[in-house]
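Engineer: generate a structure from the sequence data that follows.
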Amino acid sequence: MRRFFLVGGALAVIGLGAFIAAGGSAPLAHHLSHGAAAQTVAPAPITEEVPQSRAQISLSYAPVVRQAAPAVASIYARRIVESRPNPFFDDPLFGQLFGDRGRAAPRVQNALGSAVIVSADGIVVSNYHVVGGADDIRVVLGDRREFAADVILADRESDLAVLQLRGAANLPVIDLADSDNIEVGDLVLAIGNPFGVGQTVSSGIVSALARSGLAMGSGRGYFIQTDAAINPGNSGGALVDMQGRLVGINTAILTRSGGSNGIGFAIPANLVEQVVAQAREGRSQFMRPWIGITGQAVDAALAEGFGLSLPQGVVIAQMHPRSPLGAAGLRVGDVVLAVDGEAVNSPQEMMFRLSAQGIGGEVELSYLRGQTHSSTDLILTAPPESPARNRVTITDLALRGLVAETINPAVIAEYNLHPEANGVVVVEARDLAARAGLMAGDVLLSVNRQPVMSSRDLERLLRDPSRYWEIEILREGQRSLLRFRL
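Structural biologist: Numbering: from 1, shown residues only. This next block holds a predicted model:
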């Protein structure tokens, strides 16, 4: 008779003299001789052992929590929001009648979240939606020490922010795991400060990988899904494995009630590591490698057209003339199947794989062209800043209050423009420019039917003394005409 006990998360087989740990194996009970019949080894005598400690009869996450929890902190952020003034208060008549009565005062917004300490000198990671735009940030450690913090890098797209604690030293640190090694079904713990009740630990498993195309927090990207309970206030906290290592930064939940429904999302640690590395280099914004394409996930219909047995990969739909993928031999219509051997099945997943390698890294792309499978090496580079942006601010011409830049690959990446966009992009629109209907992100194509190829062209065309204006723009892929008279 064999007896089984759970010992610290491992399975002990009493009587065989074997100890099977997670990922391990038991000794063979018999051997097979080459060219001979199997010979049975006599079973070991059955013995009974009395558990000698509590750890031998109980399963506990306490050792993991003791290791990871000191490196998880709480964040309290405050931002002052200017209320939109009532336009009547600027009117000469109504302004005299009402004076300052009824004017909207600035409002204070408070945000609660969590953070993870990744460096003993006070570098912590949290979510952009927790600290983005904050005027005052306080970070409280598990031992109740409190520090003021400054955001040193913020990235809305990934919903990550890196902060530096003022005057911090010798802080507890959490190690980062390779998030590519986790699997669905792995045990994980979520550590954070939900609802401001204090540090809380919840357990669960990795429910799914490669969740992409979902808008989570402030970002849209690639997430680990978990059923560990995550609630408001957990944002920016740690998702850790059974070795106490960080596998992700908790960022959002799917819920109808406002509470946890067991569907939470975390940003993988491999991307967190790259964001922290760029913050250490002095960058204030996260720089992603530029590939200069738009892609589309291969669905069942496309898979049939490409002759694929399964829907997989990302088909290149459009490509910038200076795209490094083009220089590496790829072209429109190719299907990218994997990055460094890791399958990619959405544009977000592909961008995550490249971003986690960082600028200057080198990856191997596997792709399909027709019925031919190929691969190529790609060196990851930043988007080029040529031609020069030549930012212009219009102060005394027809579109007064307009700030615009010449489009180049860096501008395309920064404003998420169409890969083949060219001309001039609107950076800011105030005063007459706003009244004309222009918005930040608009691409100016022509002014009074004259093409706009650079910010210098725009300045020249706006010097026309005409009172009637026609501006052609591209907004979210749609062409529009703005007509107005001065």
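
Engineer: make it CA atoms for all contacts and neighbour counts henceforth
Structural biologist: OK.

Engineer: residue closest to the middle of the chain?
Structural biologist: By CA atoms, centre = their mean, the chain has its centre lying nearest to residue 158, at 2.3 Å.

Engineer: you'd agree that residue is up against residue 221?
Structural biologist: Yes - with contact defined as CA atoms under 8 Å, residue 158 reaches residue 221; the gap is 6.3 Å.

Engineer: distance of the residue nearest to the centre of the chain from residue 269?
Structural biologist: Per CA to CA, to the nearest Å, residue 158 is found 12 Å from residue 269.

Engineer: so which residues of the stretch 151-300 of the chain form helices?
Structural biologist: Using DSSP state H, counting those that start in this stretch, the helices of the stretch 151-300 of the chain run over residues 269-280, 300-306.

Engineer: quick one, which of these is packed in tightest?
Structural biologist: Using mean count of other CA atoms under 10 Å, the stretch among the helices of the stretch 151-300 of the chain with the largest mean neighbour count is helix 269-280, at a mean of 21.

Engineer: need the contact partners of it.
Structural biologist: Residues outside helix 269-280 that contact it (CA atoms under 8 Å, 6 or more residues apart in numbering): 125, 152-153, 160, 162, 176-180, 246-249, 286-287, 352, 355-358.

Engineer: among those residues, which are in strands?
Structural biologist: Judged by DSSP state E, the contacts of helix 269-280 include 125, 152, 153, 160, 162, 246, 247, 248, 249 as members of strands.

Engineer: contacting residues for residue 441?
Structural biologist: Contacts of residue 441 (CA under 8 Å, 6+ apart): 415, 417, 425, 426, 427, 475.

Engineer: buried residues in the lengthiest strand in the chain, which are they?
Structural biologist: In the chain, assigned by DSSP E, the strand with the most residues is strand 200-216. By neighbour count on 16 or more other CA atoms under 10 Å, the buried set for strand 200-216 is 201, 203, 204, 205, 206, 207, 208, 209, 210, 211, 212, 216.

Engineer: could you do stretch 156-163 as well?
Structural biologist: Judged by neighbour count (16+ other CA under 10 Å), stretch 156-163 contains these buried residues: 156, 158, 159, 160, 161, 162, 163.

Engineer: from residue 268, how far out is the third one?
Structural biologist: Here the distance between residue 159 and residue 268 works out to 12 Å (CA to CA).

Engineer: can you put the buried residues of stretch 156-163 in JSON lines and add pLDDT?
Structural biologist: Below are the buried residues of stretch 156-163 laid out as JSON lines (pLDDT from 0 to 100):
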{"residue": "156", "pLDDT": "90"}
{"residue": "158", "pLDDT": "91"}
{"residue": "159", "pLDDT": "92"}
{"residue": "160", "pLDDT": "95"}
{"residue": "161", "pLDDT": "96"}
{"residue": "162", "pLDDT": "97"}
{"residue": "163", "pLDDT": "97"}
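
Engineer: between those residues, which is nearest residue 408?
Structural biologist: residue 156 (21.4 Å; CA to CA).

Engineer: just to revisit the earlier point, from the buried residues of strand 200-216, which two are the most distant?
Structural biologist: Spanning the widest gap among the buried residues of strand 200-216 are 201 and 212, at 26.0 Å by CA to CA.

Engineer: circling back: kindly reformat the helices of the stretch 151-300 of the chain as a markdown table containing mean pLDDT and distance to residue 461.
Structural biologist: A markdown table is the format used below for the helices of the stretch 151-300 of the chain (pLDDT from 0 to 100; distance: least, CA to CA, whole Å):
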| stretch | mean pLDDT | distance to residue 461 |
| --- | --- | --- |
| helix 269-280 | 96 | 40 |
| helix 300-306 | 91 | 45 |
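
Engineer: one step back: which of the contacts of residue 441 has the most neighbours?
Structural biologist: Within the contacts of residue 441, residue 425 tops the neighbour count with 30 neighbours, counted by other CA atoms under 10 Å.

Engineer: pretty sure that residue sits against residue 405.
Structural biologist: Yes - shown here, residue 425 and residue 405 form a contact pair, counting by CA under 8 Å, at 5.5 Å.

Engineer: that older thread, mind checking which of the contacts of residue 441 are in strands?
Structural biologist: In strands, defined here by DSSP E, the members of the contacts of residue 441 are 425, 426, 427, 475.

Engineer: picking up where we left off before, any chance of the helices of the stretch 151-300 of the chain in a markdown table, plus distance to residue 231?
Structural biologist: Listed next are those as a markdown table, based on distance: least, CA to CA, whole Å:
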| stretch | distance to residue 231 |
| --- | --- |
| helix 269-280 | 20 |
| helix 300-306 | 36 |
